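> Would you be able to build a 3D model of this:
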Amino acid sequence: MTMRLNGMTDEEIDQSIRNAYHEKQVLVKREIDETTAKCNVLKIEIQQLCAAPSDLDEAETVCYALQSDIMVFTVKIAELDNSAEQASIQLQDKTEEQRQLLANIARHRDRNVELQHRIDNQVIKRDQAERMAAEQEGLTRMIEELRVRNDAEADAFFAAP
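Numbers count the residues shown, from 1 in each chain. Reported below is the predicted structural model:
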């Protein structure tokens, strides 16, 4: 289908929606991967700090700080998941909106075809009426000529001695 909507074909609209959704997914995935990697590094650091024979108070402080960072990253991951879900919902909304627009276009196209059919029928009827009027005019002239000739012949017949 190559109908144009806002200067874009249906395929271009579909591709634009898919591209936007894919870009959002890639960004969200990248942020999740980066955050997960940071969390993993922090977990390893926590394990190393807790296992290292260092000052226990310092390790505990670092451990709490890292746990706090992990909680921040966990919140960030939840926000990114929420953002991805919102992007998915927006894609579904756009897809539904596009489906409705395409349905409207199809209805209007069908209506236009119906109206064009009616117009074509009216043109045919008008052409037939014009032909019939021309034929009627020709017959009227022929009748008038016959009437004139008949009157002339009648006058000649009655005028003859």
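
> May I see the buried residues of stretch 89-107?
Neighbour-count burial for stretch 89-107 flags 91, 94 (criterion: 16 or more other CB atoms under 10 Å). No exception for glycine: its C-beta is placed from N, CA and C like everyone else's.

> Find the nearest non-adjacent residue to the most centrally placed residue in the chain, please.
The centroid of the chain falls nearest to residue 98 when counting by CA atoms, centre = their mean (3.5 Å). Counting by CB to CB, 6 or more residues apart in numbering, residue 13 is the residue found nearest to residue 98 once chain neighbours are left out, at 5.8 Å.

> gap between the helix or strand where residue 133 lies and the chain center?
Secondary structure assignment for residue 133, by DSSP states H and E: helix 56-159. Its chain's C-alpha centre lies 13 Å from the corresponding centre of helix 56-159 when counted by CA atoms, centre = their mean, to the nearest Å.

> I'd like to know which elements that helix is packed against.
Secondary structure elements in contact with helix 56-159, counted by 3 or more CB pairs under 8 Å, 6 or more residues apart in numbering; DSSP states H and E, are helix 10-51.

> so the helix it packs on versus helix 56-159, what angle?
Angle of helix 10-51 versus helix 56-159, following axes from the mean of the first three to the mean of the last three CA atoms, to 10 degrees, is 170 degrees.

> can I assume the residue nearest to the centre of the chain is in contact with residue 17?
Yes. Checked against CB atoms under 8 Å, the pair residue 98 and residue 17 is within contact range at 7.2 Å.

> about what we covered before: neighbours of the residue nearest to residue 98, just the number please.
Other residues lying near residue 13 total 19 when counted by other CB atoms under 10 Å.

> Can you tell me how far it is from residue 89?
In this structure, residue 13 and residue 89 are 18 Å apart, going by CB to CB, to the nearest Å.
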